[in-house]
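[1] the following comprises the amino acid sequence and a computationally predicted model.
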Amino acid sequence: MSFEETCERIAKFTEDRDWDQFHSPENLAKSIAIEAGELLECFQWSSEADDEALREELADVMNYCIQLAQKKGYDICEILNDKIDKNEKKYPVDKSRGSSKKYDQLG
């Protein structure tokens, strides 16, 4: 299934259940944070996470991210590429390769 088909499936799932009424941008952002916490919980006591739990929580985070982008009318590939463009400027390869320093601390 393509990315576009998956996004359509997510929208249809929500529409079929009349859940859009609950999906304000604020509520979707809260849901992303909540699910991200559950994703992090997969690693709470170990650096190794249960693969199935990790997949499910990652899917939950992405699902809400896609829904928020849809709600705001954002093209997901466009906003991702715009951010990568900015990050490429903030983190030039010659200064950031192999470094975990923040952009404002690069030499």
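    Happy to help now that I have it.

[2] gap between residue 71 and residue 27?
    With distances taken as CB to CB, to the nearest Å, residue 71 is found 10 Å from residue 27. From N, CA and C alone the C-beta is placed, and that goes for glycine too.

[3] err, residue 6, not the other one
    Residue 6 is 21 Å from residue 27, by CB to CB.

[4] do the same with residue 80
    Distance from residue 80 to residue 27, by CB to CB: 23 Å.

[5] pull out the buried positions in the helix or strand hosting residue 69.
    Assigned by DSSP states H and E, residue 69 falls within helix 51-72. Under the neighbour-count criterion of 16 or more other CB atoms under 10 Å, helix 51-72 has 57-58, 60-61, 63-71 buried.

[6] then stretch 15-31?
    So, applying 16+ other CB under 10 Å, buried residues of stretch 15-31: 23, 28, 31.

[7] ok, the last one to residue 45 distance?
    In other words, residue 31. 25 Å.

[8] restricted to helices, list the buried residues of stretch 15-31.
    Among these, the members falling in helices (DSSP state H) are 28, 31.

[9] now the buried residues of stretch 15-31 as CSV including distance to residue 11 and pLDDT?
    Listed next are the buried residues of stretch 15-31 as CSV, based on distance: CB to CB, whole Å; pLDDT from 0 to 100:
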residue, distance to residue 11, pLDDT
23, 10, 97
28, 13, 98
31, 16, 98
